[in-house]
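# A predicted structure for the sequence below; I have some questions about it.
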Amino acid sequence: MSPAVKKISSPVPSETAATERPPTPDVEAVNPSRVIIIQPGSLHLKLGFASDHQPKIVPHCIAYRQKPNSNLQRSNHSQSLWFERSNLVGDEEIIQRGLRQAEDVLLGRPLTSGQYRQPANTQQILEFNNASKGEASDVFCSEQWTETSEEKLYFIGEEAINLSQEEPYDITWPFQYGRLNLHNGVGGSLSFVLQATETLWTSAISIHLAIPCEDFKDYNVVLLLPDLTERQHMKELMNVVLNRMKFGAAFIHQESVMACLANGLSSACIVDIGDQKTSVCCVDEGISLTSTRLSMDYGGSDITRCFYWLLCNNGFPCKECNLKDLRDCLFLQEMKETHCTLNQDEAGIHEHLVQHKIPSRQIINYKVQFGDECLLAPLAIFFPGMFGLKQSFLTRTYNNGACDPEDPWDDEYIQQTQSKQEQSARILAAKKKGINSEIAEQSVEESINIDDMASMPSPVPDKSEPESKIRKLEVHCPNYSSVLPDHLMGLTDAILYSIDKCETDEVKKKMYSCIIVTGGGYMFEGTQTWIQNSIWLLMPAHYRKQLETMDVITKPKDIDATMISWKGASIMMRMASSQELWVEQAEWNEFGLKVLRERLPFV
């Protein structure tokens, strides 16, 4: 039993009571200094005590030493995630079309003075940058290559990133696009990714929080995960923290709900722009609405790649910048965060000194002129054609996922065992809530058809069926009245799509009135004004008449946008209601996924 939370013993449920819920024992308040909050991201891992003011931020990667005489093909350990995307089309026509859309919007929006901006002189910029040469500074880079003389089996975080390319190590990123990094290549199996996650988290907690692994049993863990995390992955991560890392107790919560809590709000539309994914979700009265959850596989790293492409078109002088070198990719990302903006008043040509740093070497200085690319690159998130990505399978919505034998009474079971009288009651309840009756009847009719099919033999999937038809059969939520668009949506379209999936006009009005932008992938000056204007122009006209205010929150209470969800979880640990959510190892091993469904139904 965890010392961090004292629980009163509860009776063991009878084996014959098959449908009996896992007990919810009484609990005492948990000491926040004994609670570790973990928020895994595609690029960074945030972790810290609930009592801390802010978390520790660690690069979420681990470098394993290669086995001697291994016959496996060596992967380039410094290969970046964002410049080597497998779904990168590189179709110049698609990219140019998106670029023209962004340029037209810039030309059509007036400055603060009321005048219209003029495009920067690209020929002048090109001539200057082509003539610029790198100058070696007398100052050496303070960073050092990671020392490998001890031949450690692995390095994590900054040490992994600072490994020289000549060292026999391969970098692994356990998370990609906001989910477990599963793929068909070497190191892409579920068992390997979970092992890497366990090793990385264990080392990060031991190093940055000074807790030896043998003392993990004295601490509890809160896992913050994206709203669209698959239930199977939740199960595996709970197994990691409870059975493999041996923490005293744990529970999972959603990043969107915690972002609301950090802002002191119960309802809002949450826009999370991370390094590799952009997600939108509506939270109403502290509940993440499943029908509104939407995630797209692009983020800040794609803006970085787009920014570099625009720079190269204008003669970027740092020719030794290698897009397959992880450190150079981080250098480009830092340059994007420094110079890119959405403030149109900063239009024109600007000259800056750019420093290219390599560990233990002299710093190389470049004089670079920047033009419209500093404005155009951030706009790519509104016009995703500029990313040059394949359109299919980059947008995901909520899906119950595959059934698990550990939880036979899940949503799928309830859906298939409802009587037709219950289905009719759902229609009546939907009408009372103000939901479109045709939508409700259509969704119920689909579910009744699925109920009738439950007793029939499962047919072999027809590969010739269109994706849209298959997707309709997979989703049983009454709010999905239309099929997800097959094109890659920009940020404005995604927000409008998500809000439109809310059930009633009253909820939609609440979502339009408050939009919270979180994540570290889009921290540009002017973001708030640009999103607000874009939504206001395209939202249904009758909502514009009804709204008293429309707030777009990008930096609440001076909290870093990258830490909003983590801060919300820290606040939650001081609330009495959170004490009922803890799941101990014994409970987890006995009830499994049923505990998540009964104790944490919101996930």
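Arrived safely.
# lowest-confidence helix or strand of this structure?
Every helix and strand in the chain was compared by mean pLDDT, DSSP states H and E; the lowest is helix 467-474, with a mean of 34.
# Show me what the following helix or strand past it is packed against.
Per DSSP states H and E, the first helix or strand lying C-terminal to helix 467-474 is helix 491-500. Other elements packing on helix 491-500 under the criterion 3 or more CB pairs under 8 Å, 6 or more residues apart in numbering; DSSP states H and E are strand 268-273, strand 278-284, strand 294-296, helix 505-513, helix 527-538. For glycine as for every other residue, the C-beta is placed from the backbone atoms N, C-alpha and C.
# Enumerate the strands of the stretch 201-350 of the chain by residue range, in sequence order.
Using DSSP state E, counting those that start in this stretch, the strands of the stretch 201-350 of the chain run over 220-225, 249-254, 268-273, 278-284, 287-288, 294-296, 350-356.
# burial of residue 425, as a residue count?
When neighbours are counted by other CB atoms under 10 Å, residue 425 registers 13.
# my read is it is in a strand, agree?
No: per DSSP: H, G, I helix; E, B strand; the rest coil, residue 425 lies outside any strand segment and is helix.
# quick one: it from residue 237, how far?
37 Å (CB to CB, to the nearest Å).
# for residue 515, same thing?
29 Å.
# who's in contact with the most centrally placed residue in the chain?
Residue closest to the mean C-alpha point of the chain, counted by CA atoms, centre = their mean, is residue 178 at 4.2 Å. By CB atoms under 8 Å, 6 or more residues apart in numbering, the contact list for residue 178 reads 41-42, 226, 228-229, 274, 276-277, 279, 295.
# Switch the residues you listed over to a markdown table; also include distance to residue 35.
Shown next, in a markdown table, are those (distance: CB to CB, whole Å):
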| residue | distance to residue 35 |
| --- | --- |
| 41 | 20 |
| 42 | 24 |
| 226 | 21 |
| 228 | 25 |
| 229 | 20 |
| 274 | 24 |
| 276 | 28 |
| 277 | 27 |
| 279 | 25 |
| 295 | 28 |
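# Including distance to residue 589, pLDDT and neighbour count, could those go into CSV?
As requested, these are exported to CSV (distance: CB to CB, whole Å; pLDDT from 0 to 100; neighbours: other CB atoms under 10 Å):
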residue, distance to residue 589, pLDDT, neighbour count
41, 29, 94, 23
42, 30, 93, 24
226, 26, 94, 24
228, 27, 92, 20
229, 21, 91, 20
274, 33, 94, 26
276, 34, 91, 23
277, 32, 94, 28
279, 32, 96, 25
295, 31, 93, 24
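# quick check, nearest of the residues you listed to residue 142?
Minimum distance to residue 142 across the contacts of residue 178 is 26.3 Å, recorded for residue 41 (CB to CB).
# The closest one touches residue 277, doesn't it?
No: Residue 41 lies out of contact with residue 277 (CB atoms under 8 Å); the separation is 9.4 Å.
# Could you give the number of residues near residue 575?
10.
# Then residue 158?
Applying other CB under 10 Å, we find 12 residues neighbouring residue 158.
# can you offset everything so residue one is 32?
Taking 32 as the first residue, the last one we looked at is residue 189.
# can you tell me how far it sits from residue 93?
In this structure, residue 189 and residue 93 are 12 Å apart, going by CB to CB.
# Residue 257 too?
Distance from residue 257 to residue 93, counting by CB to CB: 21 Å.
# How about residue 301?
Taking CB to CB, one finds residue 301 at 30 Å from residue 93.
# Tell me which of those two has more neighbours.
residue 301 (32 against 25).
# dump the residue contacts of that one.
Counting by CB under 8 Å, 6+ apart, the residues that residue 301 touches are 286-287, 290-291, 310-314, 547, 549.
# Go again with 7 Å.
Residues in contact with residue 301 (CB atoms under 7 Å, 6 or more residues apart in numbering) are 287, 290-291, 312, 314, 547, 549.
# Name the nearest residue to residue 268, ignoring sequence neighbours.
Nearest residue to residue 268, sequence neighbours excluded (CB to CB, 6 or more residues apart in numbering): residue 254, at 6.1 Å.
# whoops, residue 358 was the one
Beyond its immediate neighbours in the sequence, the residue positioned closest to residue 358 (CB to CB, 6+ apart) is residue 192, lying 6.8 Å away.
# of all the contacts of residue 301, which two lie farthest apart?
Going by CB to CB, the pair spanning the contacts of residue 301 furthest: 314 and 549, at 11.8 Å.
# in the stretch 332-481 of the chain, which ranges drop under the pLDDT threshold?
422-423, 431-433, 438-454, 457-481 (pLDDT under 70).
# repeat that with 80
The stretch 332-481 of the chain contains residues with pLDDT under 80 at 354, 378, 421-424, 430-481.
# same question, the stretch 132-281 of the chain
For the stretch 132-281 of the chain, no stretch is flagged by pLDDT under 80.
# Against residue 567, how distant is residue 525?
Counting by CB to CB - residue 525 and residue 567 are separated by 16 Å.
# With neighbour numbers in mind, choose between those two.
Neighbours per residue (other CB under 10 Å) separate residue 525 from residue 567, with residue 525 holding more: 23 against 14.
# The more buried one contacts residue 324, doesn't it?
No: counting by CB atoms under 7 Å, residue 525 stays clear of residue 324, with 11.0 Å between them.
# Could you verify my assumption that residue 328 touches residue 207?
No: with contact defined as CB under 7 Å, residue 328 does not reach residue 207; the gap is 9.0 Å.
# Name the residues contacting each of those two.
Here residue 328 and residue 207 share the contacting residues residue 307, scored by CB under 7 Å, 6+ apart.
# now stretch 256-269, how far from the chain's geometric center?
The chain centre lies 13 Å from the centre of stretch 256-269; the measure is CA atoms, centre = their mean, to the nearest Å.
# what comes up buried for that stretch?
256-260, 262, 264-269 (16 or more other CB atoms under 10 Å).
# so, if you compare the residues you listed, which one comes nearest to residue 366?
Distance to residue 366, by CB to CB, is smallest for residue 257 among these, at 27.6 Å.
# give the contact list for the closest one.
Residue 257 is in contact with 209, 286, 310, 326, counting by CB under 7 Å, 6+ apart.
# What degree of burial does residue 572 show, as a neighbour count?
Using other CB under 10 Å, the number of residues around residue 572 comes to 6.
# before we move on, what about residue 97?
15.
# Ok, residue 96 next?
15.
# Would you confirm that it contacts residue 179?
No: in terms of CB under 7 Å, residue 96 does not count as a neighbour of residue 179; the distance is 8.3 Å.
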